[in-house]
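S.K.: When you get a sec, could you give me coordinates for this:
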Amino acid sequence: MHNTMKRILALLTIICVVFSSCTKSTDKSDILQQFISSIHPTELNVKSYADIANPMNPYDDAGVIHNEMITSIIQTRNNECDSLDFINCINKYSDFEIENLNVFRLLINSIYPKIFDAEGTYKGDLVNNLKNIPELEKATINTFFQNITNYSAVSDKISACINSEKFIIESCDYTKESKERILSCLAIYRYSTYLWDIKLGSSQDKNFRNWSNVYDVFDAIGEYLALQTDIPWDEYHIDIQDGKDVYRFAGMVSLSAAISFSFIDPVGLLFK
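M.R.: Residues are numbered from 1 along each chain as shown. Sure thing, here's the model as predicted:
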């Protein structure tokens, strides 16, 4: 009986240890402080797409799909193409049927001021006003974008992002749905950061290079834009479903930003 009691106590101890390692925090600020600590770079030599993949992230394909769409359009479009051709390229490589440029004007004129200030610094207005999204998730997304700009080197941004993803994966403080959205968002940011670094990194114009920080955030925020119920996407015949539709939409968002901000690529860097 004595040995049986010992075995029961040992089993209870193991159970307590397992569950205590995954006990949810009640203080959002504590969770966010831990998350901020995870947003730090580690040594990472980024030379190709293989170096930016994160097999630990079950939604890593979000970034892959996003970059495939952007790359396909960039390779197809040339410097002589007009706005209509750009729309046709978007339609060819996505599941949307965009008919005019009004959707892009909406993205830039209405949505941009909710994500960036006049200097291009990230602000959390859009995310803060999202509906049906847990407050912890909103705060996590905003915290990431506010802190990732501390780093300028692409390898630092990508490695810091991977460390942030590890925190989310291992955390017990987020719902399954929140984890899916956050990890998809970070995967897109990671791949987008690498892509825009290649496309804009050769520019000798510092201000032009700085736009890459806008493009990758626009990309990553694409899923949350798709969730915005007060944006009349249906008026532009954009029916955004789950999965690949959302990731392609994210690509469309950044491409429209790139076209708008660079005034159809005046220095010939984007589409060459």
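
S.K.: if I look at Gln34, how far off is Lys138?
M.R.: Gln34 is 17 Å from Lys138, where distance means Cβ to Cβ, to the nearest Å. C-beta coordinates here come from the backbone N, C-alpha and C atoms, glycine included.

S.K.: Compare these two and say which is more crowded by neighbours.
M.R.: Neighbour tally, Gln34 and Lys138, criterion other Cβ atoms under 10 Å: the higher count belongs to Lys138, 18 against 13.

S.K.: which helices and strands sit right next to whichever helix or strand the more buried one is part of?
M.R.: Counting by DSSP states H and E, the element that carries Lys138 is helix 135-148. Secondary-structure packing of helix 135-148 (3 or more Cβ pairs under 8 Å, 6 or more residues apart in numbering; DSSP states H and E): helix 28-38, helix 125-128, helix 154-170, helix 176-200.

S.K.: Figure out which of those helices is closest to Val46.
M.R.: helix 154-170 (4.5 Å; Cβ to Cβ).

S.K.: pLDDT of stretch 40-58, averaged?
M.R.: For stretch 40-58, mean pLDDT is 89.

S.K.: And for stretch 110-127?
M.R.: The model assigns stretch 110-127 a mean pLDDT of 84.

S.K.: Keeping just the C-alphas, turn that stretch into CSV.
M.R.: The C-alpha trace of stretch 110-127 is given here as CSV (Å, rounded to 0.1, in the frame of the first residue of the first chain):
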residue,chain,number,x,y,z
SER,A,110,-7.9,54.9,-46.6
ILE,A,111,-5.9,52.1,-45.1
TYR,A,112,-2.3,53.3,-45.2
PRO,A,113,-2.9,56.1,-42.6
LYS,A,114,-4.2,53.4,-40.2
ILE,A,115,-1.0,51.5,-40.4
PHE,A,116,1.7,54.1,-40.9
ASP,A,117,2.2,57.8,-40.0
ALA,A,118,3.6,60.4,-42.4
GLU,A,119,7.2,59.2,-41.8
GLY,A,120,6.4,55.6,-42.5
THR,A,121,6.5,54.6,-38.8
TYR,A,122,4.1,51.7,-37.9
LYS,A,123,1.0,52.6,-35.9
GLY,A,124,-1.5,50.1,-34.6
ASP,A,125,-4.8,51.8,-35.4
LEU,A,126,-6.0,49.3,-38.0
VAL,A,127,-5.2,46.2,-35.9
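
S.K.: residues in contact with the nearest residue to Ala160 once chain neighbours are set aside?
M.R.: Among residues not flanking Ala160 along the chain, Pro41 sits closest, at 4.6 Å (Cβ to Cβ, 6 or more residues apart in numbering). Counting by Cβ atoms under 8 Å, 6 or more residues apart in numbering, Pro41 makes contact with 151, 153, 155-157, 159-160, 163.

S.K.: Which members of these define the maximum pairwise distance?
M.R.: Ala153 and Asn163 (14.7 Å).

S.K.: So which of those two has more stuff around it?
M.R.: When Ala153 and Asn163 are compared for neighbours, Asn163 comes out ahead with 16 against 12, by other Cβ under 10 Å.

S.K.: what sits against the more buried one?
M.R.: 38-42.

S.K.: quick one on the thing from earlier: the residue nearest to Ala160 belongs to a helix, doesn't it?
M.R.: No - assessed with DSSP: H, G, I helix; E, B strand; the rest coil, Pro41 is coil; it does not lie in a helix.

S.K.: related to what we said a few turns ago, tabulate the contacts of Asn163 (CSV), appending distance to Ile168.
M.R.: Formatted as CSV, the contacts of Asn163 follow (distance: Cβ to Cβ, whole Å):
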residue, distance to Ile168
Ser38, 9
Ile39, 11
His40, 15
Pro41, 17
Thr42, 16
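
S.K.: Looking at those residues, which is nearest Pro134?
M.R.: Ser38 (18.7 Å).

S.K.: Counting neighbours, what do you get for the nearest residue to that closest one once chain neighbours are set aside?
M.R.: Counting by Cβ to Cβ, 6+ apart, Ser38 lies nearest to Phe167, which is 3.8 Å off, once chain neighbours are set aside. With neighbours defined by other Cβ under 10 Å, the count for Phe167 comes to 19.
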